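Asker: Curious how this folds, go ahead:
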Amino acid sequence: MGNSNSPTKIHLQRDPVFAPLVQSLRLEPLDTSSDVYFRLLRAIVFQQLSGKAASTIFGRFQSLFPEGYPDPERLLKLTVPDLRLVGLSNQKAQYVQNVATYFLEKDLVRQDWSRLPDEEIQEQLVAIKGVGEWTVQMILIFSLGRKDILPLGDLAIRQSIQQLYQLQGTSRELHQQMLKVAEKWRPYRSVASRYLWTWKDAQAVGQKGGANT
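Answerer: Residues are numbered from 1 along each chain as shown. Below is the predicted model of the structure:
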């Protein structure tokens, strides 16, 4: 994404409302080296927690395993009380073990996810209790580098689109308007979403800085 003349940037800048974001913001490179199993466990631990608290708990969780890797068989040998001792809630303890069970039963630990279409990955992973559509979309975008995912279930994405394009209406009307706006970004809706998150974060930093002056 560093090349200002990349096909992705050229395409997204055809939308005059979106073009200033592409021109002014820089996206951080994606780390697609971690496996889907590991990223799912991390996503579950991070749900509904601040980044610092989640990082602390996930670090304690990793410390339960040799070399910090939560091998599914080892994970299933732990009890829920074991997992609660490192800071996981009862529900999250069950959810991470659900992931381990599913990956073992379906023999997915060494699955080559790059060969599967987005829809098939989503269908497989949402079958795990505790893994929702948003979580899978984050895996698709940030772990697998899929370029055309639109996570409209994400509050920051919805707020950003509504603000940028000055949309109004009922919840259903807004949803339809957002889908229409995002059609302009195909086949790079994941990349557009990353710009929206970056823009939203920059706004938050600006507001915080203004409040401190």
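
Asker: In terms of secondary structure, what does the lowest-mean-pLDDT helix or strand in the chain contact?
Answerer: Of the helices and strands making up the chain, the lowest-confidence element is helix 189-212, at a mean of 83, by mean pLDDT, DSSP states H and E. Applying 3 or more Cβ pairs under 8 Å, 6 or more residues apart in numbering; DSSP states H and E, one finds that helix 189-212 contacts helix 7-12, helix 19-24, helix 155-165. C-betas here are computed from N, CA, C, even on glycine.

Asker: List the buried residues for the following helix or strand past the second one?
Answerer: By that I understand helix 19-24. Counting by DSSP states H and E, the next helix or strand C-terminal to helix 19-24 is helix 36-46. For helix 36-46, a neighbour-count test (16 or more other Cβ atoms under 10 Å) marks 36-37, 39-46 as buried.

Asker: could I get the residues you listed as TSV with distance to Q94?
Answerer: Shown next, in TSV, are those (distance: Cβ to Cβ, whole Å):
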residue	distance to Q94
V36	20
Y37	17
R39	19
L40	14
L41	13
R42	16
A43	15
I44	10
V45	13
F46	16
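
Asker: Give me the most central residue, this protein.
Answerer: M138 (2.3 Å; Cα atoms, centre = their mean).

Asker: Quickly note the distance from it to Y165.
Answerer: In this view, M138 and Y165 are 23 Å apart by Cβ to Cβ, to the nearest Å.

Asker: Run through this protein and note the low-pLDDT ranges.
Answerer: 1-4, 33-34, 206-213 (pLDDT under 70).

Asker: mind giving me the domain split of it?
Answerer: 7-30+151-204, 36-143 (automatic domain parsing).

Asker: And stretch 64-76, what's buried?
Answerer: 70, 72, 75.

Asker: is it true that the second one touches V96?
Answerer: Going back to what we said before, that points to P72. No: with contact defined as Cβ atoms under 8 Å, P72 does not reach V96; the gap is 9.7 Å.

Asker: what about L116, neighbour count?
Answerer: 14 (other Cβ atoms under 10 Å).

Asker: wait, what's in contact with it?
Answerer: Applying Cβ atoms under 8 Å, 6 or more residues apart in numbering to L116 gives the contacts Q124.

Asker: Kindly provide the distance from it to L155.
Answerer: 28 Å.

Asker: Not counting sequence-adjacent ones, nearest residue to L49?
Answerer: Spatial nearest neighbour of L49, chain neighbours left out: I57 (7.2 Å); criterion: Cβ to Cβ, 6 or more residues apart in numbering.

Asker: Neighbours of the one you found, how many?
Answerer: 18.

Asker: In which helix or strand does it reside?
Answerer: Assigned by DSSP H and E, I57 falls in helix 51-62.

Asker: In that helix, which of the residues would be classed as buried?
Answerer: So, applying 16+ other Cβ under 10 Å, buried residues of helix 51-62: 54, 57-58, 61-62.
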